[in-house]
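Undergrad: Predicted model and sequence follow; I will ask about them next.
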Amino acid sequence: MIKSKVEKAINEQINAELYSGYLYLSMSAYFEDQNLPGFAHWMALQAKEEFEHAMKFYNFVFERGGRVTLAAIDAPPSEWKSPIDVFENAYKHEVKVTGLIHDLVALSRSEKDVATENFLMWYVDEQVEEEAHADAIVQKLKRIKESSGGMFMLDRELGGRE
Ligand code: FEO
């Protein structure tokens, strides 16, 4: 049986993951509007992953005999200055999410909830990848400095994400 403190914190994390999905979907919509279909595709897949992260927590709460209660999801921004601004914000967002996951690990340790702590290790590893992927695209965008040829190539590359 999950402790109520841990249950509450995971419910908050479900909201944070859904917000991440909402944020990346908004970023995808921005790229659609900018005629960058590959960037839009990459972000739409990122949004889908976030909804999966939320569902993984959702199912875990039930497995542990807890209760999921869904709260309102904040509206994400819809405008950014440039593609690099989008990815810098995505990277910053992932760093923030990593902090939330680490806080959850600390809470499950202090509550002696070994099952939750063990479950969270998947997210700890996932966050390392999430930060690295967003940062790699920021670095590529810095190198090409939005030259039209470079942007075209990167759009094609990001459009190939499966
Ligand atoms: Fe669910 Fe991008 O972390």
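TA: Sure, I can see it.
Undergrad: only C-alpha atoms for contact and neighbour calcs from this point on.
TA: Will do.
Undergrad: Tell me the pLDDT of the residue of the chain at minimum distance from the ligand.
TA: Here the chain gets closest to the ligand at one residue, E50, 4.7 Å apart by C-alpha to the nearest ligand atom. E50 carries a pLDDT value of 98.
Undergrad: Verify the stated contact: it with A16.
TA: No: using C-alpha atoms under 8 Å, E50 is not in contact with A16, being 9.3 Å away.
Undergrad: hang on, the earlier thing: regarding the residue of the chain closest to the ligand, which helix or strand does it belong to?
TA: Following DSSP states H and E, one finds E50 within helix 37-63.
Undergrad: So which bits of that helix are buried?
TA: Within helix 37-63, the residues scored as buried using 16 or more other C-alpha atoms under 10 Å are 37-51, 53-54, 57-58, 60-61.
Undergrad: Would you mind listing what in the chain touches the ligand?
TA: With C-alpha under 6 Å from any ligand atom as the criterion, the chain comes near the ligand at residues E17, E50, H53, E94, E130.
Undergrad: what ranges do the strands span in the chain?
TA: Applying DSSP state E to the chain gives no strands.
Undergrad: just the helices in it please.
TA: Taking DSSP state H, the helices of the chain run over residues 4-33, 37-63, 83-110, 114-144, 148-159.
Undergrad: between these, which gets nearest to A71?
TA: Among the helices of the chain, helix 4-33 comes nearest to A71, with 6.7 Å by C-alpha to C-alpha.
Undergrad: Surely P77 touches Y22?
TA: No: counting by C-alpha under 8 Å, P77 stays clear of Y22, with 9.6 Å between them.
Undergrad: Which one's more surrounded, those two?
TA: More crowded of P77 and Y22, by other C-alpha atoms under 10 Å: Y22, with 22 against 12.
Undergrad: got a pLDDT number for that one?
TA: 98.
Undergrad: Okay, it and G160: tell me how far apart.
TA: 22 Å (C-alpha to C-alpha, to the nearest Å).
Undergrad: Which pLDDT value belongs to the nearest residue to M55 once chain neighbours are set aside?
TA: What sits nearest to M55 in space, not counting adjacent residues and going by C-alpha to C-alpha, 6 or more residues apart in numbering, is I14, at 7.6 Å. We have a pLDDT of 98 for I14.
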